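> Below is the sequence, then the predicted model.
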Amino acid sequence: MLFDEIDKGVESLQALKNILGLYRQSLLKSAFEGRLTADWRETNADKLEDPEALLAMLEEERGKWHEQELERWLEDIAEWESEGSKGPKPRKLEAYKSSTELTDAERDVLPKLPTEWVYVRLNDIAHIGSGMSVSKARKLENPIETPYLRVANVQRGRLNLAEIKTMPVEQSQLKTLSLRTWDILLNEGGDRDKLGRGWIWEDQVEICITQNHVFRATPFRHDRSWSLFVSQWGNSYGRDYFEAGGKQTTNLASINKSVLKALPVPVCSPSEHAEIVSLLDEKFEAADALEAEINAGLALAAALRQSILKKAFSGQLVSQNPTDEPASELLARIKVEKAEKERATKRERKTMASRKPKTKVRRPILSNLIEVLKKQNGWISASKAAQELGVFDGATSDDVEAFYRQLKEHLDDKDETIEVERRDDEDWLRLTKAEVS
């Protein structure tokens, strides 16, 4: 009865937890279809840029970012040369290549945007970088041991940094490989549910890079809410895109840099995406708090179940007679009695086996044979008569010899009670007619 009530409570909590998951999905859908901020847009129409202005803004941001990266690279080259050109030359970032327009097929499966929004590709708003593969065989000139993020560290909507591993990399390549504040992390793959899974980097570790199975997108706009907006998009609508574009092998699925660059991303006014992120944070925080209470309730239910079992086995669930022995002593006594009973049973079996009389076949006598012949009331072979007497049913060779010896002695004494007739190689017997009558 108690467990039934606990199970009902656990079932209700699990159902509520599932509803929370659906609620989060609904929030993201509402956000990226523009419904979450529909009232805000109406109130703040004067703050909104039209799609053409948004595209021009993105182009300007992209151009400035690449100019800054070129200056950074030249500084890295100068530093590398001043330190004796140890290790390979610092890498130069690849130049931007304009993206293709979204196809009608792509637009058909994407949510319809408010008229103030526009779609671009991830390549238009961020630089996509790859990580380093882990290799013990790699020979390095000037190595430095560096923390790196694996697929396991990058969860959907959060980072799990409980365990961060390290690998040696060339000192000259460290700046190019290092994560930057508000980079967007996206998994290359593994299981299909890991495709594109990710979150943003907020300098949780001072210097950190990524393994080659984790991509990093560095937005041209250095804005936390913008990075969060893009990451939330990738974790929601991006999932279907990555699953459709992912390469499937026998056990693993993966996306490459080209697929990642081509990810369609909705763009809205900076002030609106900041409002969207603020609303999502507020609502997700409330949902997270409720989920924490649910998890606490589930943990409590598990602890309560264990407590009930413990009390039951210690006799605390019902009122006790003070004279009752404790459960621990009762169990120990039962164990001793059981062992003693098993030993007694073994001794009894052994005694019975030693006392059991051995079966001894009764040695037949002549009077027994006469009784058999009377029942036969006619001729019977000597072997058949012996069987009727039980001579061949567990009899020893001595018993068989005794039977034939008695028969021979009878014939030698010319006792006419039994007639004997030789047929082939066996004697046949019968009582004389006088004896039968």
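Alright, I've got the coordinates.
> Strands of the stretch 201-350 of the chain, residue ranges please.
Shown for the stretch 201-350 of the chain, the strands assigned by DSSP state E, counting those that start in this stretch span residues 209-210, 214-219, 247-248, 253-254, 264-267.
> want to try TSV for those strands, with mean neighbour count as columns?
The way it works is simple: take the backbone N, C-alpha and C, and place the C-beta from them, glycine included. Converted to TSV, the strands of the stretch 201-350 of the chain look like this (neighbours: other Cβ atoms under 10 Å):
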stretch	mean neighbour count
strand 209-210	25
strand 214-219	24
strand 247-248	12
strand 253-254	18
strand 264-267	21
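> With mean pLDDT and distance to K29 as new columns, can those be given to me in JSON lines?
Shown next, in JSON lines, are the strands of the stretch 201-350 of the chain (pLDDT from 0 to 100; distance: least, Cβ to Cβ, whole Å):
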{"stretch": "strand 209-210", "mean pLDDT": "97", "distance to K29": "29"}
{"stretch": "strand 214-219", "mean pLDDT": "96", "distance to K29": "22"}
{"stretch": "strand 247-248", "mean pLDDT": "56", "distance to K29": "26"}
{"stretch": "strand 253-254", "mean pLDDT": "68", "distance to K29": "24"}
{"stretch": "strand 264-267", "mean pLDDT": "96", "distance to K29": "12"}
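> any chance of the ones you listed in a markdown table, plus distance to A289?
Output for these, formatted as a markdown table (distance: least, Cβ to Cβ, whole Å):
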| stretch | distance to A289 |
| --- | --- |
| strand 209-210 | 31 |
| strand 214-219 | 29 |
| strand 247-248 | 38 |
| strand 253-254 | 34 |
| strand 264-267 | 29 |
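> Name the SS class of V169, please.
strand (DSSP: H, G, I helix; E, B strand; the rest coil).
> typo on my end, Q387
Under three-state DSSP, Q387 comes out as helix.
> could you check the distance from the closest residue to N44 other than its chain neighbours over to T37?
The shortest distance from N44 to any non-neighbouring residue, by Cβ to Cβ, 6 or more residues apart in numbering, is to S271 (6.9 Å). According to Cβ to Cβ, to the nearest Å, S271 and T37 sit 10 Å apart.
> Those two - which one has more neighbours?
T37 (22 against 15; other Cβ atoms under 10 Å).
> So, low pLDDT: which residues of this structure?
1-2, 190-192, 245-253, 311-328, 330, 353-367, 390-416, 424-425, 433-437 (pLDDT under 70).
> which other helices and strands contact the top helix by length along it?
Looking across the chain with DSSP state H, the single longest helix is helix 270-313. Packed against helix 270-313, as judged by 3 or more Cβ pairs under 8 Å, 6 or more residues apart in numbering; DSSP states H and E, are the following elements: helix 2-32, helix 38-43, helix 224-235.
> roughly how far apart are Y237 and A286?
Distance of Y237 to A286, given as Cβ to Cβ: 23 Å.
> So between the two, which is more surrounded?
Between Y237 and A286, counted using other Cβ under 10 Å, the more crowded position is Y237 (20 against 11).
> ok, the more buried one - contacts?
28, 32, 110-111 (Cβ atoms under 8 Å, 6 or more residues apart in numbering).
> Show me the helices in the stretch 301-437 of the chain, by range?
Here the stretch 301-437 of the chain has its helices, by DSSP state H, counting those that start in this stretch, at 327-355, 366-376, 382-388, 397-412, 433-436.
> chain center to the longest helix of the chain, what's the gap?
Relative to its chain's centre, helix 270-313 lies at 23 Å (Cα atoms, centre = their mean, to the nearest Å).
> With stretch 263-272 instead?
Mean-position distance between stretch 263-272 and its chain equals 38 Å (Cα atoms, centre = their mean).
> just to revisit the earlier point, PyMOL command to pick out the buried ones of the contacts of Y237?
Buried members of these, defined by 16 or more other Cβ atoms under 10 Å, are picked up in PyMOL with:
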select buried, resi 28+32
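> For the contacts of Y237, work out which two are farthest apart.
L28 and L110 (13.9 Å; Cβ to Cβ).
> And the one helix or strand L70 maps to, how far out from the chain middle?
Per DSSP states H and E: L70 is located in helix 51-82. Chain-centre distance of helix 51-82: 45 Å, with Cα atoms, centre = their mean.
> the inter-axis angle of it versus helix 224-235?
100 degrees (axes from the mean of the first three to the mean of the last three Cα atoms, to 10 degrees).
> Pull the contacting residues for the residue nearest to V134 when sequence neighbours are not counted.
Excluding its sequence neighbours, the residue lying closest to V134 (Cβ to Cβ, 6+ apart) is M167, at 5.3 Å. M167 makes contact with 132, 134, 145-146, 148, 211, according to Cβ under 8 Å, 6+ apart.
> so how far does stretch 216-223 reach from one end to the other?
Start-to-end span of stretch 216-223 (Cα to Cα, to the nearest Å) is 16 Å.
> no, scratch that, I was asking about stretch 378-389
End-to-end distance (Cα to Cα), stretch 378-389: 16 Å.
> got the contact list for the closest residue to R224 other than its chain neighbours?
Excluding its sequence neighbours, the residue lying closest to R224 (Cβ to Cβ, 6+ apart) is W182, at 5.3 Å. W182 is in contact with 200-202, 219, 222-224, 226-227, counting by Cβ under 8 Å, 6+ apart.
> Rebuild the residues you listed as TSV, extending it with distance to L290.
Shown next, in TSV, are the contacts of W182 (distance: Cβ to Cβ, whole Å):
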residue	distance to L290
I200	24
W201	27
E202	25
P219	31
H222	33
D223	29
R224	25
W226	28
S227	26
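> Now, of the residues you listed, which are buried?
200-201, 219, 226-227.
> Tell me the one of these nearest S99?
Nearest to S99 among the buried ones among the contacts of W182, with distances taken as Cβ to Cβ, is P219, at 15.2 Å.
> Could you give the bridge partners of that closest one?
Counting by DSSP bridges, P219 is bridged to A126.
> Show the backbone phi and psi for the nearest residue to P168 once chain neighbours are set aside.
Leaving aside its sequence neighbours, P168 sits nearest to P143 (Cβ to Cβ, 6+ apart; 3.9 Å). Backbone torsions of P143, given as degrees, to the nearest 10, read phi -80, psi 150.
> All set now, cheers.
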